[in-house]
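Asker: sequence plus the predicted model coming up.
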Amino acid sequence: MRIRTKPTIKIGLTCALALGIALFCADAKAAGQVVIQGLSSVSQDDARDWVRDQITFIESSSASMAKADDVSYFLENALRDRGYKNATVEWKLDGDRILLTVSEGNTQRLGEIKVTGNTALEDDAVRELITSATRKRMKLEMDDDMPYVAPDIKSGQARVDEFYQLLGYESVSIEIETTEHSGRTDLLVSIEEGKQHQVGTITFPEAPSDKVSKTYDEIRKEYETTTFSAAIPPKLASRLRAIAVDAGFYHATVEVTESERLSAGELETVNLVVSADWGPPVQLSGVNVSGNSKVTDSFFDKHFAELVDKPYSPEGTNKEVEELLETGAFETVRTDVVEQEDGTFALNVDVEEGYSRQLGVYGGFTNYEGAIGGFEFRNLNLFGSVRKIDAELEFSKRGARGELEFIDPWFLNTDSEFRAGLFAINRSEEGYEKFQTGGRYSLTKRFGRQMKDSVALFGEASYTDVHDADIQAAFLGDREYFAHSVGVSLTHDRRDQPRNPRSGYIAQGSMSIASSAIASETEFFKATGRLGYYHPVGNHTLRLAARAGMISPIGDTTAIPIDLRFFNGGAQSVRSFDERGLGMTDINGYPVGGEFYTTFNIEYEIPVKQFEGLSIVPFADAGNLIYDADDASLDNLRYAVGLGIRYETPIGPLRLEYGHNPDQRVGEPSGTLHIGFGFSY
C-alpha cells in the first residue's frame, strides 16, 4: 500500500523573518566577496544580477584566480551584450575578495531602422524581427530604447530571411547597412524579395486502399495554391505516411519531390509528385502482454479486442494506451508491433503496474468552509479488472461528508464509463441545518477529438431533512422530502488541459427532471449551462466564463425546497459578495436562494517573473439571483471588480482575492476578501 499525503501550505511570521534574515546575510556575504567598481551608467544591482550565478558559486566556497577570471569574463560579455561594445573588466584578488574594475567605454544605442524593397512584410514587422534577439534577452518592448548589439542584429536578419522562406520567397536577399552618429547606430535594411512560390498540382501514386485514396482530394484542397517552402515536401510525405500507417500499411515509405516549376509574373508555381512503397498490410493477429501481476490477462484481452483482426492503427492503439494510463493503475504502458513466426503480426504490450491501493490525507481553507480536512482511500484495480472504488471522508466547520463511489471506465466492455455512489452529508448552512443521504449514478459516452466530448445520462436519489432552521418558514419549502431526478448532459471540450487551461474553450449543458413517476416526492425541472473561453496573451492568460441555471417546480410541487435552490456570491462567482451572500434574504438576513441565476466572469492572469508559480489576477464579475424562475432575466445584476494573488501548488492554486462592489446597495458589503484553494472557473 502506498500512503499519499497531499501537501499543505503553512505561512508563519517566524519563517518569513528567518528567510528574510538568511537572504540578507547571503547577499551581504556575496557583496563582501565580489566587489564591482568603476560603474557609471550601470547600477550595482543590475551588474550583480548579470553575474548572479557566478557570485553564488564564489559565495559557496572561496575566492580564487580561476573564479575571478570567470566572473570578470561573464560580466564583460554581459556589458557588451547590452551595447557597451568596448567594455573591459579587470580583476584582482584582495585576500578572500575579488575586485572587479569596470571600464564601460562608449555605449552604442540602436537608432532609426529604415526598411526598403519589402512588400510581403510591413516595415514594423521587419523591425520587430530585426530586434527580437535583443528584446527577448533584455525583456524590452518595441518602443523601448535598446542597445546596438551586432550579433543580435545578425540574428534578427536571419529571422527575417526565415520568415520570408515561410512565405514562399526562396530567393530573398536581405542586406543591412549601419551608420553611426552621436552614440547611435542607424540601420538600413534592403530587401530583394524575388518571386513568391506556391504549390501547384500534386500527383499521387495508386492508393493501397480506399481509406488512403479518400484522403487524396482532402490533401489537394489543403495544399494546392498554398505557399510553397522547403518544408512542404517532407511535411506532406510525413502526413501521407501517417495516413497509410493508420490504414494498416505500417512499413510504408513515402517521398515527395518537385516535378517542375512554372513562372507567371511575380509568382512561381511548384508542382509536386508523390512516390510511395506501401509495403504489405499489417493486420494484428493477437496481443501479448508482459509485466502484469495484479491485473488479469483477460482484462487486456478485452481491452485490446477492437484492435485484433484489423489493420494496425497507431492512433487506435494510442487511444487504448492513454485510457490505461488515465486509470492510475499503471506507471508505464509500452507497445510494439512484432512479426510472428507464421508471418502474422502481434501487438506486444509491456506494462509497469502502479500502486493499486492509495491512502491520502488532504487539507485546505476557504472563507465559508473554514479549515477543511479529509481522508481518501482508493482501490484502482478492483478484482484485477482496473475498476475503481473511491472512499472519502471530509470535515469542515460546516459539517461532515462521506462518499463511496464505484467507477467502471469500460462498462460492459464498451467505451462508456459507469459511476455509482452513495453519500451522506450532515451540514450547517446559514440559517438552517440539513442531513442528507442518497446515491448517484451516471453513464457517460466519450467521443470526438481526443475523446474530450461526451454525453451522459445521470440520476440522483436522496432523502433530505432540513432542521434547526432560523429562516422564516415561508422561504424553506418542504423540510423533509425524497427527491429522485434523472437527466442528460452534453460537454464539448477544446481546452488544452482540464486542470489549468490556457487556451481553447468548453461548452456544457444539462437538463434533469424529478417526477412522481420515478417516486420523487418533490417534482421539478432543472437546466444549467456553462461556457468557458481561454486565450494566451504571451505568457499571460485571458479567461472568460458565463454560467446560468434554472429550476422550476412542476406537478403537485408549488415551491422548490431551499436546499435545491441556487445560491450566488463567493470565490467562484461574484467575488464582491460573501459565499451565498448575493440575492434575497429573509427578515433575519439569511440568504434564501433562488430558482434562476447567472454569473459572468473575466480575469487576466499575469505571472510574476521573479517568483515562479506566483501570479497577479485582475478580474471583473457580474451576476444575479432571482427568487422565482417565472421572473428569470438579466435584470438586477450585481458586480465585482478586484485583484487577486495566486500561488500554484501541487493541489491547485492558493488564492487571495479582494472583490470590490462598485454599485453598493443598502445591506451589501463594499467588498469581500476571499482566501482558499482551487480555480475560480
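Answerer: Nice, thanks for sending it over. Numbering: from 1, shown residues only.
Asker: what residues does stretch 384-404 touch?
Answerer: For stretch 384-404, the external contacting residues (CB atoms under 8 Å, 6 or more residues apart in numbering) are 294-296, 299, 324, 327, 329, 368-382, 405-409, 421-429, 433. To be clear about C-beta, it is placed using only N, CA and C from the backbone, and glycine gets the same treatment.
Asker: using PDB, write out the CA atom coordinates for it.
Answerer: Provided in PDB are the C-alpha atoms of stretch 384-404 (Å, rounded to 0.1, in the frame of the first residue of the first chain):
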ATOM      1  CA  GLY A 384      -7.800  -7.300 -11.100                       C
ATOM      2  CA  SER A 385     -10.100  -5.700 -13.600                       C
ATOM      3  CA  VAL A 386      -9.000  -2.000 -13.300                       C
ATOM      4  CA  ARG A 387     -12.300  -0.900 -11.900                       C
ATOM      5  CA  LYS A 388     -12.100   1.600  -9.100                       C
ATOM      6  CA  ILE A 389     -13.600   2.200  -5.600                       C
ATOM      7  CA  ASP A 390     -13.100   5.700  -4.100                       C
ATOM      8  CA  ALA A 391     -14.000   6.400  -0.500                       C
ATOM      9  CA  GLU A 392     -13.800   9.900   1.000                       C
ATOM     10  CA  LEU A 393     -14.500  11.400   4.400                       C
ATOM     11  CA  GLU A 394     -14.300  15.200   4.800                       C
ATOM     12  CA  PHE A 395     -14.700  17.600   7.700                       C
ATOM     13  CA  SER A 396     -15.000  21.400   7.900                       C
ATOM     14  CA  LYS A 397     -16.700  23.900  10.300                       C
ATOM     15  CA  ARG A 398     -19.800  23.400   8.200                       C
ATOM     16  CA  GLY A 399     -20.100  19.700   9.000                       C
ATOM     17  CA  ALA A 400     -19.000  16.400   7.600                       C
ATOM     18  CA  ARG A 401     -19.400  14.500   4.300                       C
ATOM     19  CA  GLY A 402     -18.800  10.900   3.400                       C
ATOM     20  CA  GLU A 403     -18.900   9.300   0.000                       C
ATOM     21  CA  LEU A 404     -18.300   5.900  -1.600                       C
END
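Asker: mean confidence (pLDDT) on that stretch, please.
Answerer: Mean per-residue pLDDT for stretch 384-404: 96.
Asker: so where do the helices sit in this protein?
Answerer: For the chain, applying DSSP state H gives helices covering 13-33, 44-50, 52-60, 65-81, 123-130, 132-138, 150-166, 210-223, 232-246, 297-303, 314-326.
Asker: ok, now which ones touch G623?
Answerer: Contacts of G623 by CB under 8 Å, 6+ apart are 568-569, 573-574, 582, 597-600, 637-638.
Asker: excluding chain neighbours, what is closest to it?
Answerer: Sequence neighbours aside, T599 is the residue nearest to G623 in space, at 3.9 Å (criterion: CB to CB, 6 or more residues apart in numbering).
Asker: with S293 instead?
Answerer: E353 (6.7 Å).
Asker: residues touching that neighbour, list them.
Answerer: Each residue near E353 by CB under 8 Å, 6+ apart is listed here: 291-295, 329-331, 381.
Asker: for it, give its distance to S290.
Answerer: Taking CB to CB, to the nearest Å as the measure, E353 falls 11 Å from S290.
Asker: kindly report the same for R665.
Answerer: R665 is 68 Å from S290, where distance means CB to CB.
Asker: burial measure for the closest residue in space to D635 that isn't next to it in sequence, as a count.
Answerer: Among residues not flanking D635 along the chain, N624 sits closest, at 7.0 Å (CB to CB, 6+ apart). Number of residues near N624 (other CB atoms under 10 Å) recorded here: 22.
Asker: quickly list what N624 is bridged to.
Answerer: T598 (DSSP bridges).
Asker: look up how far V282 lies from it.
Answerer: N624 sits at a distance of 60 Å from V282 (criterion: CB to CB).
Asker: how about K235?
Answerer: Using CB to CB, one obtains 24 Å as the distance from K235 to V282.
Asker: and what of Y590?
Answerer: Distance from Y590 to V282, by CB to CB: 68 Å.
Asker: again, but for L167
Answerer: L167 sits 40 Å away from V282, taking CB to CB as the criterion.
Asker: do E323 as well
Answerer: Shown here: E323 relative to V282, a distance of 22 Å by CB to CB.
Asker: for stretch 496-503, which outside residues touch it?
Answerer: For stretch 496-503, using CB under 8 Å, 6+ apart, the contacting residues are 495, 504, 532, 534-536, 541, 648, 652-653, 679.
Asker: now stretch 471-479
Answerer: If you take CB under 8 Å, 6+ apart as the criterion, stretch 471-479 is touched by 431-432, 465-467, 469, 521-522, 559-562, 564, 586-588, 590, 592.
Asker: now with 7 Å?
Answerer: 431-432, 466, 469, 522, 559-562, 586-587, 590, 592 (CB atoms under 7 Å, 6 or more residues apart in numbering).
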